[in-house]
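Visitor: Next input, structure requested:
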Amino acid sequence: MNEFKCRNYVICLALLDSLCTTRSHDHKVMLNKAVAEYYKSNLTKANDFRLALNDISSKVNSDEVYDVTQSLLLYNLAILHYHSRQYQAAYSVMEKVIPVIVDLCKTMCPALPACTTIAGSFFPYEPTYFVCDLHVTALQPDKALAFLSQIENDGVSSDARPISSDRDEGLKEDTWNSRTGALSQDKRDSWKFVIYQYRTRCYLMLKLIKLAKSSLKVLLSSTGMTVGIMFLKSQFELVRGNCQKAARVLNSAPDLLTSQTGGTPLLVMYYNDMAVIHLHMRKPNLALHYLREAVERNSAYENEIRRIFGKESDASDLSRGILPEWPLQSLSGSQYCTLVYNLGITLLHCGHFQRAFDCLLESVQLYGTNPRLWLRLAECCAMVHRQSNEEDRQLSKKMEVIERSVGSGVHRKLVIGCGLGKDHINSTVESGAMPMATMEFAQLCLDNALSCLDSPNKISYDVTAPINSTSSKQDGDVRMPQSSSIFVQAPPGNPLPAEEVANLRCSILALKSYVSLYHHDYLVALAYAEELLRQPRVSGAHKYLAHMYKAEALVALDRIGDAIQNLNPDNITDIGVTPSAESSPSPVERSDKNSERGNSEPPEDKRAAYPWSPKDLTQAKGIMTYNLAAAYAIRGDYEKASLYLSKSKTLAGMPLPAHMYYLKIYLELMQGHRKNVQNFIKDNFGHMAVNRLV
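Guide: Residues are numbered from 1 along each chain as shown. Below you'll find the model as predicted:
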């Protein structure tokens with residue numbers, strides 16, 4: 001152990017080899033040898049070290065976590081998974097150690113001369129903080145808060161000695177009191193600062209604004225504005241909806257961003273956060289600029305690592321369990337996967353749908369459990385197929401109504417176009433298993449999205465327990481609100497609360513109904529539209545789409561009467577993207593939000609992040625009235641159809657969609673109004689018409 005602490009790994013390995021000859025079945029010696037070999041490689045042979053740990057673990061044959069060797073094996077293996085960004089695997093391993101983590105902290109130190117760990121270089125305090133960091137990184141904020149409360153209640157933070165003290169350089173004499181077995185006041189304050197940082201991150205992940213504000217005040221009063229607190233404060237302002245202030249906080253200390261002590265470059269995090277802020281500000285093109293800067297900085301970081309260590313590797317190999325021969329702390333430094341995911345979302349908002357699809361498809365390898373990711377992939381497919389309803393208002397579509405003229409003189413005739421439906425006919429059948437931006441693959445993505453929402457991997461979070469029952473109110477500690485929520489994992493983002501899960505489910509059902517209509521699966525489309533209408537938390541926009549898709553499916557199923565009853569424009573009172581319960585809070589809730597936000601801060605923007613059509617309620621009623629006129633025309637009631645068509649023309653706005661020109665000509669011809677048709681063509685298609693008949 002002395003040779004190991006002096007970094008004489010060759011001599012240390014020689015001594016361990018001699019021990020192996022006499023104690024060949026001693027698992028502690030085998031573990032120490034594996035650790036020494038890993039340190040000898042400058043922490044670059046991660047694959048070999050992981051194989052050695054798995055081999056030793058298979059020989060231990062002990063499921064008892066109280067066994068020191070078994071616990072340390074799991075602990076080292078979890079750290080390898082953590083730095084290779086396999087957070088769920090690391091969490092699964094550490095779950096076996098968490099029940100005895102308090103006892104492990106107290107019993108590890110006497111066992112260290114016989115059994116060494118690798119954690120001290122990167123988690124300099126104790127395993128409890130690694131567990132807490134793992135909870136946060138694995139998007140388990142509820143368990144992180146409960147674990148922090150356990151740390152403080154059990155007194156581990158002030159009574160347990162750090163496990164890195166028996167190797168490397170050790171603790172200074174004024175830090176550890178060997179007589180009382182406790183840490184100094186400075187060390188307690190340092191650990192308390194770390195606890196508040198984790199607590200603030202958890203509050204922000206759960207969007208508990210008041211608790212995050214209280215914890216952030218304690219951090220600012222104790223240490224001032226550091227790099228970590230600057231990012232936390234910026235995230236706090238973003239969660240509150242104050243995007244401009246969040247950007248000002250990030251730009252307040254540019255000198256701090258140039259100091260880099262290892263891990264992910266700070267400039268990568270800065271540009272990524274600026275991109276997220278500007279995307280919330282409805283500026284996707286500026287967000288795309290910042291993301292490109294972040295990708296460029298991240299690529300420079302990876303190239304520098306490759307240049308120093310001479311190893312070619314792809315960051316995406318981490319998702320397949322292949323670790324490059326980089327130092328352990330550099331494995332998790334690259335943020336390539338997160339940046340590609342953010343880049344795909346930003347490209348989708350910028351209107352570059354095919355490029356967004358490619359980026360999001362690459363992110364599926366690592367974030368396949370995210371239901372929102374599968375929905376975004378399906379949206380890319382739908383947008384590649386048809387970008388906007390405003391296409392039908394273009395002049396080129398209007399000019400297709402009158403296709404051409406034949407003959408001359410009294411024998412001259414006009415040929416009416418085939419209609420807009422020819423652009424949406426599925427002429428080729430492609431396999432949905434092929435990852436391409438097609439409507440068939442969109443159906444598969446939506447099925448995966450619903451499966452992720454309905455998976456049992458949900459977090460039931462009871463926030464009734466106090467976070468710190470032993471601390472005073474002066475420390476800024478408050479109790480949690482009396483409520484309970486269900487969260488769904490959505491990496492790399494925060495867990496989705498119940499409200500967002502409900503909104504996400506509505507979006508998936510609406511798009512599934514649309515895709516089913518495209519595939520002529522009218523019964524399936526009808527079922528999804530009716531299920532969407534039955535959702536307890538549905539926005540006005542989703543309700544409007546559900547009625548439209550339901551009516552189209554009913555017409556295709558020859559249930560015209562039911563479709564007409566469903567197409568009642570008077571029932572449409574809102575097309576907002578937020579549910580009515582959320583978009584119109586009570587006066588008490590509104591005053592509470594305003595008092596919490598402050599008079600100088602803008603209210604939270606609830607508009608759609610993309611300019612959808614119809615853009616307002618009047619236009620939406622006009623389009624529904626047109627569909628009602630089309631339904632009456634199919635049933636043969638041409639007078640009512642003409643009445644509702646004239647109403648829709650005044651509501652839909654100019655320029656009119658090309659559908660209305662087709663329907664107008666059809667209704668006039670079916671009623672025998674030949675002269676009206678000629679006058680209508682003269683007014684709207686003068687280049688193709690003959691002289692007006694009077």
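
Visitor: Using the three-state scheme, assign the residue nearest the centre of the chain.
Guide: Central residue of the chain (C-alpha atoms, centre = their mean): G493, 3.8 Å from the mean position. Of the three states, G493 takes coil under DSSP: H, G, I helix; E, B strand; the rest coil.

Visitor: So for it, what's the pLDDT?
Guide: Per-residue confidence (pLDDT) for G493: 84.

Visitor: What distance do you get for it to L267?
Guide: For G493, the distance to L267 (C-beta to C-beta, to the nearest Å) stands at 22 Å. Just so you know, the C-beta spots here come from the backbone N, C-alpha and C atoms, and that holds for glycine as well.

Visitor: What segments of the stretch 401-550 of the chain are strands?
Guide: According to DSSP state E, counting those that start in this stretch, the stretch 401-550 of the chain carries its strands in the segments 402-406, 413-416, 458-462, 484-488.

Visitor: From F193, how far off is N285?
Guide: 39 Å.

Visitor: on that earlier part again, touching, the residue nearest to the centre of the chain and L373? I think so.
Guide: No: with contact defined as C-beta atoms under 8 Å, G493 does not count as touching L373 (9.3 Å).

Visitor: follow-up on the earlier one: confidence-wise, which of the strands of the stretch 401-550 of the chain is weakest overall?
Guide: In terms of average pLDDT, strand 458-462 trails the rest of the strands of the stretch 401-550 of the chain, at a mean of 50.

Visitor: And for E500, the neighbour number?
Guide: By other C-beta atoms under 10 Å, the residues close to E500 number 16.

Visitor: before we move on, what about P99?
Guide: Number of residues near P99 (other C-beta under 10 Å) recorded here: 11.

Visitor: wait, is it part of a helix?
Guide: Yes: under three-state DSSP, P99 sits within a helix.

Visitor: got the CA coordinates for the strand or helix carrying I681 in PDB?
Guide: Secondary structure from DSSP states H and E places I681 in helix 674-684. Listed next in PDB are the C-alpha coordinates belonging to helix 674-684 (Å, rounded to 0.1, in the frame of the first residue of the first chain):
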ATOM      1  CA  ARG A 674     -73.800  27.300 -65.600                       C
ATOM      2  CA  LYS A 675     -73.700  31.100 -65.900                       C
ATOM      3  CA  ASN A 676     -72.600  31.500 -62.300                       C
ATOM      4  CA  VAL A 677     -69.700  29.200 -62.900                       C
ATOM      5  CA  GLN A 678     -68.600  31.200 -65.900                       C
ATOM      6  CA  ASN A 679     -68.800  34.500 -64.000                       C
ATOM      7  CA  PHE A 680     -66.900  32.900 -61.100                       C
ATOM      8  CA  ILE A 681     -64.200  31.700 -63.400                       C
ATOM      9  CA  LYS A 682     -64.100  35.200 -65.000                       C
ATOM     10  CA  ASP A 683     -63.600  36.800 -61.600                       C
ATOM     11  CA  ASN A 684     -61.000  34.500 -60.300                       C
END
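
Visitor: Now it: buried residues?
Guide: For helix 674-684, the neighbour count (16 or more other C-beta atoms under 10 Å) marks N676, V677, Q678, N679, F680, I681, N684 as buried.

Visitor: One more: stretch 654-671?
Guide: Using 16+ other C-beta under 10 Å as the test for burial, stretch 654-671 gives 656-668.

Visitor: same check, this time on stretch 490-497
Guide: Per 16+ other C-beta under 10 Å, stretch 490-497 contains these buried residues: A490, P491, P492, G493, N494, P495, L496, P497.
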